[in-house]
Structure formats: structure tokens, C-alpha cells
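Student: for reference, the sequence and a predicted model appear below.
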Amino acid sequence: MTASPMTTVPKIALKGVYKHFGPKKVLNGIDLEVAKGESLVVIGGSGTGKSVMLKSILGLLTPDSGSIKVDGEETTRLRSREREKLLHKFGMLFQGAALFDSLPVWENVAFGLIQGEHMPRAQAKEIAIAKLGAVGLTPDVAELSPAELSGGMQKRVGLARAIADEPEIIFFDEPTTGLDPIMADVINELIVQCVKDLGATAVTITHDMASARKIADRVAMIYQGRIIWTGHARDIDNSGNAYVDQFVHGRADGPIKMQIKAL
Amino acid sequence: MGFLAATGRAFLIFLEATGRLALFTGSALSHCVRPPLYPRQILRQMIDIGYYSLPVVGLTALFTGMVLALQSYSGFSRFQAEGAIATVVVLSITRELGPVLAGLMVAGRIGAAMAAEIGTMRVTEQIDALSTLSTNPHKYLVAPRLIAGLTMVPLLVIVADIIGVFGGFLVGVYRLDFNAASYINRTWEFLEPLDVISGLVKAAIFGFLIALMGCYHGYHSKGGAQGVGAATTNAVVSASIMILVWNYLITGLFFSTK
């Protein structure tokens, strides 16, 4: 490895992370590093621990053991105040967008600014409308309620909310699931654009290979709670790993066995 | 051995649930007094609990007061004690029926709504989204509801007391032909401040319990629509039972003469 001294501290580093729910071991010793400014896509089937991994990094779940470092600092044992401070660095686009349905669109986008950073509402609204513009939505959408929007539009608003307070790290949880191929491509384009504009570090979990190819600098494959392969996005077609091959080409027969029970 | 294991397991589950509820309550209470508070959220909840529950609580109180007067008349006339009706109505309403019936109605209306709203937020990841936006869900969702429940249900009960007594008055004067002035006199004659105060203390505790149960069950709901449904049922049932149990305990505290 010929890493320069500037990049020796990874933005996010997981080491030996374990998490179980009842008898079910979901994370089975995850080791993963994400460098500053890179876009990592984690691929893997349903129920392999992708979401649990993201939620553990965010502190929504506490891992049983192992270390999770953000900017070189251990985060698994943070108290709630410190956790809130740390989460200012993060933005997240949820799978179902997870918009607050009691608030209009603009207040959703401005939520982190108003509640987290105590910005005056008028100023936050201006920023929210600008961010809606960045994801291709016109200002008249701002006053609508999230329930009035289509799935693709909700994803856009979710993206605008994730980037609103200019986070250093953005997580995307299955950003294209449930969208038609055209809208999926639009969202992929927006993700690439937004991450580049912010210079942010991005971690995406997905099982959509088209999305992975578009977004990723680097790809990691998760299987049975472990990272079994990482490599450059251009190498995924000749990874030399039977599991990755099966997944990338979407074949029913191969080493990967179907997961029956949900997590 | 199987029997012992089953008993032990049930006991452990009970302890775990109790502990979780205690931790939840402690954390929520501490967020009620530590800034930042969310005045908009508190106001929204206060309007929801206080203002929009008025019709249902008012109707309940009105008919309860009316039926009390009617029932005690037909009962008390058997031993020529019709004169006590006004006193019976006002004491029953302020001490017992006002807070308990208002509490049960609010539990059905508000406790269910809270559990359903917070439960849906849980299963659609909105609660996780709050956390990632550096907002503590206990502070943003739970604390405003507890504060609103604690303060608004006593106000509702004051209204219920007045309307309930008025219901009794209506039946007494227009149906049972009491003299209006003497009915009002009778109402005031034996009423003591403690009768009303004990009812309001009950109301505050009931309001807190309703909001707590709604938030707790909603917050811990899982598994989609069915889970939210179960959370709603649990919130209403547990709040109602707690209201009845605490009603007895508080009454004992205020009026026990051994």
C-alpha cells in the first residue's frame, strides 16, 4: 500500500463488529474502512446485515462488540449528547424516505437546520428551497405535504433533507428500491452530483447493481454478516470471487443460499 | 422442570418490561425539564388533547351528571332523602366520575392516536430519521406529549366538573321539579376544596399515564401495520387499567380514614 499520510486516518473504520438479535447473529465480525471523500457501495442480499451495519455506525443500534471509529474517534460508547454532536456530520437517505408526514416538505428539508442548528425559520426555508432546487424540485413543492408526493419525489425530498446541513458523510439506504428504472437513474445521478458537490464521503447499501455501478468508487460485498470482498468498482465483473459473481450476475444457483427469515 | 422454566421465563419477561418502562419514563421525564424544549410541539399536543377532546368529555360529563340526578332520585326517594341529590351529584362528579370518565375518554381518543402516530413513525423509520437529524426522539416526541397530558387533562376535568354538575341541575330542576336556587345552595353547601383538588390531582396523573402509555407502546411497536395496531390496543388498555388502579390508590391517599 502506498497511501499518503493525509489518508491514513479513514473517515469511517469498523473493526470486528458483532451484533446479534436473540439467537440470530446478524453482524459477524465486520471489518471495513471508508476513506475520506470516497463513495463506497455495500452490496448484498436481503437480510445479510447491510441495514444493521449502517444503523450501528449511526448509533441507532449498539453493537455487541467491536470498534467503530469516525475520524479516528471511537463512537460505540458515546453518551447521547456527544452522539447528537457526532450525528451533525451525518446525513442519511432512508429506504422509504422516512419524511415526517406531520410537516410540509420544506420543513422536512429544513428540519436539521431548525432543530439541530437553531437557525431562524425564514432563513432555513430559503436554504430548504435552494436544496429542493438542487434535487430538481420547484419551490411550489415546498408547501405540499409529503403524503401528496409520489415515491420518486419523496426520495428526492429525502435526499434534499440528507444534504441540507452539508454533512461530511452521507448514507444511502437502498436509494433506488421501489422506483421505476428511469426514476432510479435520476436518483443515482442526483446522488453522484450531490456527493461530488459536497465533497462528502458516501456509503450506499443496495442490491441494485445498476445503481452500484453508477455510484461506486469502491464496492464491498457483505454476506452472512461479514465483508467477503472489497475492490474497485471497475473490478466487480472479474472479482474472482464466486459469491460476488453470483450476486453481480443475479444467478439463482451458486454458493449463496437464500435467507428465509427476515431480520 | 418445564413448569419452573416457564414460570421463570414469564417472570423474567415481566421484569424486563417493567425495567424498560421505568427507564423510558425516567428518560422522558428528564427530557421534560432539560432544555431545549419544543414549544411548537407542546402547543400542538395541548390543542390536540385539551381543545379537541372538549366535545367528547363535555358530552360524557353532561349525561353522567344527568343520569346521576335521575338515578339517585329514584333510589333516595325510597327513604325520603331526595334533598341529598345535589350533594351526591357534585361530590360524585368532582371526586370520581369527572376525572375517571374524562380520563377514560381521553385514553381512548388521545392514547390511541399517540400510539398509532408514534408507532407509524417507528415502522417507517421516521424516529431513526429524527436521530440522524441530531434531534432526540424522547425530547421531540415524548416530552411534549407528557407535558401536554399532565397539564391539559386537569383543565378538561374542570370543564367536565362544571358541565356534569350542570347536567344534574338540569334534570333536578326541569324534570324533578326542584327549586333552582335551593338546588344550587345544596350543591355548594357540602362541597369542600379538597373534593375538587383531589379530582384535579387524579386528572393530572391520569393525563400523564395516558400520554406515557401512548408514547411507550408506540415507541416500541414493531412489525408494520399489525404491530402498530397492537401498540394502539395496548396503549388504550394499559392506560385504562392504570387509571382505574391509580384512581383507587389516590382516593385512598386523600380520603382514607382507616
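Tutor: Looks like it arrived, so ask away. Numbers count the residues shown, from 1 in each chain, chains lettered A, B, ... in the order given.
Student: close to chain A: what parts of the stretch 101-250 of chain B are there?
Tutor: Proximity of the stretch 101-250 of chain B to chain A is assessed by Cβ under 8 Å from any Cβ of the partner chain, with B:117, B:121, B:124-126, B:128-136, B:140 identified as the residues in range. From N, CA and C alone the C-beta is placed, and that goes for glycine too.
Student: of all these, which two lie farthest apart?
Tutor: Taking Cβ to Cβ as the measure, those reach their widest spread between B:Glu117 and B:Ser134, a distance of 21.7 Å.
Student: how about the helices in the stretch 151-258 of chain B?
Tutor: In the stretch 151-258 of chain B, the segments counted as helices under DSSP state H, counting those that start in this stretch are B:180-189, B:193-219, B:224-255.
Student: what residue in the stretch 151-263 of chain A comes nearest to chain B?
Tutor: Distances from the stretch 151-263 of chain A to chain B, computed as Cβ to the nearest Cβ, single out A:Arg161 as the nearest residue at 7.6 Å.
Student: helices and strands around the helix or strand where that residue lies, which ones?
Tutor: Secondary-structure assignment from DSSP states H and E places A:Arg161 in helix A:151-164. Applying 3 or more Cβ pairs under 8 Å, 6 or more residues apart in numbering or on different chains; DSSP states H and E, one finds that helix A:151-164 contacts strand A:90-93, helix A:105-111, helix A:121-134, strand A:169-173, helix A:181-198.
Student: go again with 10 Å.
Tutor: Taking 3 or more Cβ pairs under 10 Å, 6 or more residues apart in numbering or on different chains; DSSP states H and E as the contact definition, the neighbouring helices and strands of helix A:151-164 are strand A:90-93, helix A:105-111, helix A:121-134, strand A:169-173, helix A:181-198, helix B:126-132.
Student: wait, the residue of the stretch 151-263 of chain A closest to chain B sits on A:Ala124?
Tutor: No - contact between A:Arg161 and A:Ala124 fails when scored by Cβ atoms under 10 Å: they sit 11.8 Å apart.
Student: give the residues shared as contacts by the two.
Tutor: Listed contacts common to A:Arg161 and A:Ala124 are A:107, A:109-113; contacts here mean Cβ atoms under 10 Å, 6 or more residues apart in numbering or on different chains.
Student: near chain B, which of those residues show up?
Tutor: A:111-113 (Cβ under 10 Å from any Cβ of the partner chain).
Student: still on that earlier bit, neighbour-wise, which of A:Arg161 and A:Ala124 wins?
Tutor: Using other Cβ atoms under 10 Å in any protein chain shown, the more surrounded residue of A:Arg161 and A:Ala124 is A:Arg161, with 32 against 23.
Student: residues near the closest residue to A:Gln154 other than its chain neighbours, how many?
Tutor: Counting by Cβ to Cβ, 6 or more residues apart in numbering or on different chains, A:Gln154 lies nearest to A:Ala97, which is 4.1 Å off, once chain neighbours are set aside. Using other Cβ under 10 Å, the number of residues around A:Ala97 comes to 27.
Student: for A:Ala128, same thing?
Tutor: 27.
Student: could you pull up the residues touching the most centrally placed residue in chain B?
Tutor: Taking Cα atoms, centre = their mean, the centroid of chain B lies closest to B:Gly103, which sits 2.7 Å from it. Taking Cβ under 10 Å, 6+ apart as the contact definition, B:Gly103 lies against B:57, B:111, B:153, B:156-157, B:160, B:202-203, B:205-207, B:209-210, B:239-240, B:242-244, B:246-247.
Student: what residue ranges in the stretch 101-250 of chain A score low on pLDDT?
Tutor: Along the stretch 101-250 of chain A, segments meeting pLDDT under 70 are nowhere present.
Student: where does it come near chain B, residue by residue?
Tutor: So far as Cβ under 10 Å from any Cβ goes, the stretch 101-250 of chain A lies against chain B at A:101-102, A:108, A:111-118, A:121, A:158, A:161-162, A:164-165, A:167, A:171, A:173.
Student: what subset of those residues is buried?
Tutor: Under a neighbour-count criterion of 16 or more other Cβ atoms under 10 Å in any protein chain shown, the subset of these counted as buried comprises A:108, A:111-116, A:158, A:161-162, A:164-165, A:167, A:171, A:173.
Student: nearest to B:Leu194 among the residues you listed?
Tutor: For those, the closest approach to B:Leu194 (Cβ to Cβ) belongs to A:Gln115, at 43.2 Å.
Student: residue contacts, the closest one?
Tutor: By Cβ under 10 Å, 6+ apart, the contact set of A:Gln115 is A:107, A:124, B:36, B:38, B:130, B:133-136, B:139-140.
Student: and the least confident of the residues you listed?
Tutor: In terms of pLDDT, the lowest of the contacts of A:Gln115 is B:Pro36, showing 78.
Student: roughly how far apart are that residue and B:Ala148?
Tutor: Remark: distance between B:Pro36 and B:Ala148 (Cβ to Cβ, to the nearest Å) = 17 Å.
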